[in-house]
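Visitor: here is the input, now give the coordinates:
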Amino acid sequence: MSITTLGIDLAKSVFQLHGVDADGTIVLQKKLRRGAVLDVLGKLEPCLIGMEACATSHHWAREIAALGHDVRLIPPVYVKPYVKRQKNDAADAEAICEAVTRPNMRFVPVKTEEQQGVLVLHRSRDLLMRQRTMILNAIRGHFAEFGIIAAQGPQKVAELVGGLADEGDLGLPETAQSALQALAAQLNGLEQEVRKIERQLLAWHRQNAASQRLETIPGVGLITATALAASVPDPTAFKSGRQFAAYLGLVPRQNSSGGKDLLGHISKMGNRYLRRLLVVGATSVTRRVLSNDTRTGAG
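Guide: Model (predicted):
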């Protein structure tokens, strides 16, 4: 059995394999349990292996590449056109096997464990920040029910909660005070965890030359720099800045035909987290420039 190209449809427990030889003849169609994948692939001669990029694909790409195979990850949206009629594991594996051989196919660079670890820090921080916002809004709303209004900003809510702990009585029922103190304790714990994650990101940033160079860009700080450095391990995969913008979803959606260019709204089909960080940074720079122009009287 001489397999030159192999498509693997990843799953939680059962993986589907589809292999072809140099002539494109199907020589392998097989389901494997998770624990048997590396044993089977280790017995094959080195070949081209394609998989859809997903949450577990980078781990499997590293493990399979260590066996001597050439592993490539494909965005799922680029595999879909090769699926024939029905959607099932066998059809998906066949489509992956076909797509990975296309000369103009775009692939996802395989991330290292270190890069994935940094991205876990970012996702954890993002989740904690969302929870922090939820608790801040809840505290503000509960105080408002009793006619106590906090000024705008997280610090004002923290001061209000601090006053509840110090004074012990803001005209609130005891039941409401106990509930608000519980929320305040949760808020304090979240803030401590966020600071801990940010210290870990700072430590990694100081050891990563690419992240430090990115921080020199106006509007790019510690969070954006580390996220970019970890998310894009190989910038040479993009031929231009426009290609990178398309990867982020910062380009218009096209529906052009017959020589007529029809451009729609921003597609927003890329990495949402990176796009949000970059948009926030660009907005900050723009506001700073406008503020300086206003102060200097520039037109």
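
Visitor: going forward, measure contacts between C-alpha atoms and count neighbours the same way
Guide: Fine.

Visitor: who touches Ala282 in this structure?
Guide: By CA atoms under 8 Å, 6 or more residues apart in numbering, the residues touching Ala282 are Gly219.

Visitor: please report the distance of it from Arg276.
Guide: 10 Å (CA to CA, to the nearest Å).

Visitor: and Ala150, by the same measure?
Guide: In this view, Ala150 and Arg276 are 28 Å apart by CA to CA.

Visitor: and if you look at Ala229?
Guide: Taking CA to CA, one finds Ala229 at 16 Å from Arg276.

Visitor: which one of these two has more residues nearby?
Guide: Neighbour count, other CA atoms under 10 Å: between Ala229 and Arg276, Ala229 has more, with 22 against 13.

Visitor: got phi/psi on that one?
Guide: phi -60, psi -30 (degrees, to the nearest 10).

Visitor: kindly report the same for Val100.
Guide: Note on Val100: its backbone torsions stand at phi -70, psi -20 [degrees, to the nearest 10].

Visitor: pull the contacting residues for it.
Guide: Per CA under 8 Å, 6+ apart, neighbours of Val100: 7, 49-50, 72, 74.

Visitor: switch the cut-off to 10 Å
Guide: Residues near Val100 by CA atoms under 10 Å, 6 or more residues apart in numbering: 5-7, 48-52, 71-74, 78-79, 106-107.

Visitor: now, the residues you listed that are in helices?
Guide: 78-79 (DSSP state H).

Visitor: how much space separates Met129 from His122?
Guide: 10 Å.

Visitor: out of the two, which sits in the busier spot?
Guide: Shown here are Met129 and His122; by other CA under 10 Å, His122 has more neighbours (21 against 16).

Visitor: go ahead and confirm that one touches Thr226.
Guide: Yes. Contact criterion CA atoms under 10 Å: His122 and Thr226 qualify, at 8.7 Å.

Visitor: which neighbours do those two share?
Guide: Joint contacts of His122 and Thr226 (CA under 10 Å, 6+ apart) are Leu201.

Visitor: where does Leu202 land in three-state SS?
Guide: Classification of Leu202 using DSSP: H, G, I helix; E, B strand; the rest coil returns helix.

Visitor: before we move on, the earlier item: show me which of the contacts of Val100 are buried.
Guide: 5-7, 48-52, 71-74, 78-79, 106-107 (16 or more other CA atoms under 10 Å).

Visitor: ok, those vs Ser257, which is closest?
Guide: Using CA to CA, Tyr78 is the member of the buried ones among the contacts of Val100 that lies nearest Ser257, at 20.8 Å.

Visitor: read off the pLDDT value for Leu38.
Guide: Looking at Leu38, its pLDDT is 94.

Visitor: so it sits right up against Trp60, yeah?
Guide: Yes. Leu38 lies in contact with Trp60 (CA under 10 Å); the separation is 9.1 Å.

Visitor: can you pull the contacts of Phe15?
Guide: Neighbour list for Phe15: 8-9, 30-37, 89-90, 93 [criterion: CA under 10 Å, 6+ apart].

Visitor: at 7 Å instead, please
Guide: 8-9, 31-34 (CA atoms under 7 Å, 6 or more residues apart in numbering).

Visitor: switch those over to TSV; also include pLDDT, distance to Arg287 and neighbour count.
Guide: Formatted as TSV, those follow (pLDDT from 0 to 100; distance: CA to CA, whole Å; neighbours: other CA atoms under 10 Å):
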residue	pLDDT	distance to Arg287	neighbour count
Ile8	96	48	25
Asp9	95	47	24
Lys31	94	56	17
Leu32	94	56	14
Arg33	93	55	12
Arg34	91	52	13
